[in-house]
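Visitor: no sequence for this one, just the structure:
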């Protein structure tokens, strides 16, 4: 467990530095994702994958992070590819999925059908990418059963997501759910007055 603590600290330091510089929103996520698209963070995800899942599970990645992850495994991470993944490259699907309504995966049916997948990603916000991949994998006979993510910025907590840094655990005062609850309580008080 010591390693997990060290890795959490490394991710936490990176997130806090980017938060201090960019505050939030799209500039924050763009800078954070670029910061997390580096081998040390990819190694964290690979180690967590190897610790939690058997070799029977496959990895799926997407977008810029997915491309960087696959390039790392084909180059400097080649030894890890062999040792931790049995030489099997992750399934790489296109990026920009959070804006998509479908993701045709027929081209990879043989790779997906009957297999269990874990989605590795740099950040999670609304889980639209994960949900689309899950839905489309089901259509070709595969299952996305878990997500390992470095940064979780979702207001909702998902049982099938493991993250190294969960924003609302560290900044609960900024939770939109808390803000909505506070607003409703204030409105109820005004109504009673």
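Guide: Cool, got the structure. A quick note: this is a predicted structure, and the numbers were derived from the prediction, not measured.

Visitor: Can you show me the helices along this structure?
Guide: Defined through DSSP state H, the helices belonging to the chain, from first to last, are 2-22, 25-36, 39-52, 63-74, 78-85, 109-112, 128-139, 167-170, 176-192.

Visitor: so where's the protein uncertain?
Guide: Counting by pLDDT under 70, the low-confidence segments of the chain come to 1-7, 96-103, 173-193.

Visitor: 80 - rerun?
Guide: Judged against pLDDT under 80, the low-scoring parts of the chain cover residues 1-8, 95-104, 106, 171-193.

Visitor: can you pull up the bridge partners for residue 117?
Guide: Residue 117 has these beta-bridge partners by DSSP bridges: residue 58, residue 144.

Visitor: Wait, it touches residue 147, no?
Guide: No - counting by Cβ atoms under 8 Å, residue 117 sits too far from residue 147 to count as a contact (9.8 Å). Any C-beta I mention is one placed from the backbone N, CA and C, and that applies to glycine too.

Visitor: Count the residues that sit near residue 58.
Guide: Other residues near residue 58 come to 19 when the count uses other Cβ atoms under 10 Å.

Visitor: Quick check: it touching residue 119?
Guide: No - with the criterion set as Cβ under 8 Å, residue 58 and residue 119 do not qualify as a contacting pair; they are 10.3 Å apart.

Visitor: how about stretch 59-77: buried residues?
Guide: Using 16 or more other Cβ atoms under 10 Å as the test for burial, stretch 59-77 gives 59-63, 65-66, 68-70, 72-73, 77.

Visitor: sorry, that was for stretch 126-142
Guide: By 16+ other Cβ under 10 Å, the buried positions in stretch 126-142 come out as 127, 129-130, 132-134, 136-137, 140, 142.

Visitor: What is the most widely separated pair among these?
Guide: Considering Cβ to Cβ, no two members of the buried residues of stretch 126-142 lie farther apart than 127 and 140, which are separated by 20.4 Å.

Visitor: what's the closest residue to residue 109 other than its chain neighbours in contact with, if anything?
Guide: Counting by Cβ to Cβ, 6 or more residues apart in numbering, residue 109 lies nearest to residue 140, which is 4.6 Å off, once chain neighbours are set aside. Listed by Cβ atoms under 8 Å, 6 or more residues apart in numbering, the contact partners of residue 140 are 105-106, 108-109, 112-113.

Visitor: ok, 10 Å please
Guide: Going by Cβ atoms under 10 Å, 6 or more residues apart in numbering, residue 140 touches 104-115.

Visitor: Among the residues you listed, which pair sits farthest apart?
Guide: Pairwise distances across these peak at 18.9 Å for 104 and 114 (criterion: Cβ to Cβ).

Visitor: right, so of the helices of the chain, which gets closest to residue 156?
Guide: Taking Cβ to Cβ as the measure, the helices of the chain were each checked against residue 156, and helix 176-192 came out nearest at 8.1 Å.

Visitor: measure stretch 157-165 end to end?
Guide: Counting by Cα to Cα, to the nearest Å, you get 12 Å between the two ends of stretch 157-165.

Visitor: Show me what counts as buried in that stretch.
Guide: Neighbour counts using 16+ other Cβ under 10 Å place 158, 161-165 of stretch 157-165 among the buried residues.
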